[in-house]
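*Asks:* From the sequence below, what's the structure:
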Amino acid sequence: VRCARRLGDTEGRKILIIGLGPVGLSCALVQAFKGAEVMGADIHQYRVDLSRKLGALKAVNTGTHNLKEEVENWTDGKGVDIAILAAGSNEALMTAVELVKQQGIVYSVADFSEATINPSAIFVHKEITMTGSLYYTSADWKEMIALHGAGLPYGKLVTHIFPFDQAQKAFDTFVSGNTGKVVLFYN
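*Replies:* The predicted structure is shown next:
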């Protein structure tokens with residue numbers, strides 16, 4: 001929600017979300033709910049399929065399909081308006097920079113330990129705006145409540161629920177990539 005609030009009105013804009021863990025899937029859900037045209041991309045087929053159920057118009061398994069070709073076909077070679085980066089790797093960052101259109105936005109919700117960029121190519125020649133945020137702050141609660149009231153189906157993000165005494169099984173299941181949001185509960 002913080003990402004969506006900071007991006008503003010994205011209705012009708014083409015948004016690529018790279019990385020479909022719980023954070024990327026949440027971005028797909030919120031952006032689709034707000035009227036954006038969303039494409040999700042991940043290496044795990046389960047999450048690719050789940051992104052469609054959450055509202056992505058297109059979803060690409062980057063292990064079996066060429067993401068650049070898929071984006072070029074989807075955007076008639078122009079690139080996406082916004083690339084949301086929910087995978088914290090230099091490769092994912094470079095992919096986002098490559099696939100966003102001239103004067104587009106790269107928005108990171110991913111943690112990075114380090115990345116290597118060419119500032120001249122990104123900020124001067126392509127005129128990309130790059131920004132990001134972590135999770136949410138108390139300033140985002142009003143928007144969260146409004147989305148809840150408007151019927152945002154966030155419960156669809158939760159795909160697995162485990163009792164706390166099965167925390168290791170929950171972790172192993174999550175790491176497999178065959179989940180959305182995994183929740184632990186106490187008896």
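
*Asks:* in which helix or strand would I find Thr10?
*Replies:* Element membership of Thr10, judged by DSSP states H and E, is empty: it is in no helix or strand.

*Asks:* Could you measure from it over to Gln166?
*Replies:* Distance, Thr10 to Gln166, using Cβ to Cβ, to the nearest Å: 38 Å. Quick note: C-beta positions are derived from backbone N, CA and C, even for glycine.

*Asks:* likewise Lys68?
*Replies:* Per Cβ to Cβ, Lys68 is found 40 Å from Gln166.

*Asks:* now swap in Asp140 and tell me
*Replies:* Taking Cβ to Cβ, one finds Asp140 at 31 Å from Gln166.

*Asks:* neighbour-wise, which of the two wins?
*Replies:* Asp140 (17 against 13; other Cβ atoms under 10 Å).

*Asks:* Leaving out chain neighbours, which residue sits closest to the more buried one?
*Replies:* Leaving aside its chain neighbours, Asp140 sits nearest to Arg2 (4.8 Å; criterion: Cβ to Cβ, 6 or more residues apart in numbering).

*Asks:* Let me know the pLDDT of the one you found.
*Replies:* You'll see Arg2 listed with a pLDDT of 95.

*Asks:* the helices in the protein, which residues?
*Replies:* 2-7, 22-33, 45-53, 67-74, 90-99, 119, 141-149, 167-175 (DSSP state H).

*Asks:* And those helices: which comes nearest Val183?
*Replies:* Judged by Cβ to Cβ, the one of the helices of the chain that comes nearest to Val183 is helix 167-175, at 8.2 Å.

*Asks:* any idea of the mean pLDDT in the closest one?
*Replies:* What helix 167-175 shows for mean pLDDT is 97.

*Asks:* which residues are in contact with it?
*Replies:* 160, 162, 179, 182, 184 (Cβ atoms under 8 Å, 6 or more residues apart in numbering).

*Asks:* ok, of those residues, which one's closest to Lys101?
*Replies:* If you rank the contacts of helix 167-175 by distance to Lys101 using Cβ to Cβ, Thr179 comes first, at 32.2 Å.

*Asks:* Show me the longest strand that occurs in the chain.
*Replies:* Using DSSP state E, we find that the single longest strand of the chain is strand 100-108.

*Asks:* that older thread, kindly reformat the contacts of helix 167-175 as a markdown table containing distance to His44, pLDDT and neighbour count.
*Replies:* Below are the contacts of helix 167-175 laid out as a markdown table (distance: Cβ to Cβ, whole Å; pLDDT from 0 to 100; neighbours: other Cβ atoms under 10 Å):
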| residue | distance to His44 | pLDDT | neighbour count |
| --- | --- | --- | --- |
| His160 | 14 | 97 | 15 |
| Phe162 | 19 | 98 | 17 |
| Thr179 | 9 | 97 | 21 |
| Val182 | 14 | 97 | 18 |
| Leu184 | 21 | 97 | 14 |
